[in-house]
Every structure is written in C-alpha cells, then in structure tokens.
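Q: Turn this into a model:
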Amino acid sequence: MDKLAPLVRERKVKMAILTVPAPAAQEVTNALVQCGITGILNLAPLVLEVPEPVVVNNVNLAIELENLSYFVQR
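A: Residues are numbered from 1 along each chain as shown. Model prediction:
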C-alpha cells in the first residue's frame, strides 16, 4: 500500500478492482480515491461510500458463481 500512490500517479491509473475482505474494503477504497482512482469494480461484499465523481460497480460474487454453476450443469 505504501507504493500505491506513486504508482497510480506515475502510470495515470484511473480504475481499480477491489478484491479485499469486507473489513478492509472501505479503508482501501479511501486510499484508492485519495490516489486519484475514479472507477472501482467492487468484489467485496460491502456497499462502499465514495465521493460524487467516483463510480463504483458492485459485483456479487456469490450470485455470479450461482449463475455460472447453473449454466455449467445444463
């Protein structure tokens, strides 16, 4: 995490995929937003609070696995 801000700024990263446990999700999101990330694909089972210009797409991994399982068994 110490290297996150310089890396995001140097490479002009705008999007991130969040794959951390729920207890860490908001703290990591805050760090991402502070670094300049404006789009987050959230795989954590938590609704994130972000400022207005930041876009969050939530993915419910349990539902996605259920859908995949259904189609695999057909």
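Q: For the most centrally placed residue in the chain, give its distance to residue 72.
A: Taking CA atoms, centre = their mean, the centroid of the chain lies closest to residue 18, which sits 2.7 Å from it. The gap separating residue 18 from residue 72 is 26 Å, by CB to CB, to the nearest Å. For the C-beta atoms, the positions are set from N, CA and C on the backbone; glycine is no exception.
Q: same question, residue 63
A: Distance from residue 63 to residue 72, by CB to CB: 15 Å.
Q: quick one: the residue lying closest to the residue nearest to the centre of the chain once chain neighbours are set aside from residue 59, how far?
A: Among residues not flanking residue 18 along the chain, residue 42 sits closest, at 4.9 Å (CB to CB, 6 or more residues apart in numbering). Counting by CB to CB, the gap from residue 42 to residue 59 is 7 Å.
Q: ok, now which ones touch the residue nearest to residue 18?
A: 18, 25, 29, 48, 56-59 (CB atoms under 8 Å, 6 or more residues apart in numbering).
Q: Mind listing the residues bridging to residue 42?
A: For residue 42, the beta-bridge partners under DSSP bridges are residue 18, residue 58.
Q: Test my guess that residue 55 contacts residue 40.
A: Yes - between residue 55 and residue 40 there is a contact under CB atoms under 8 Å: 7.3 Å.
Q: between the two, who's got more neighbours?
A: residue 40 (23 against 11; other CB atoms under 10 Å).
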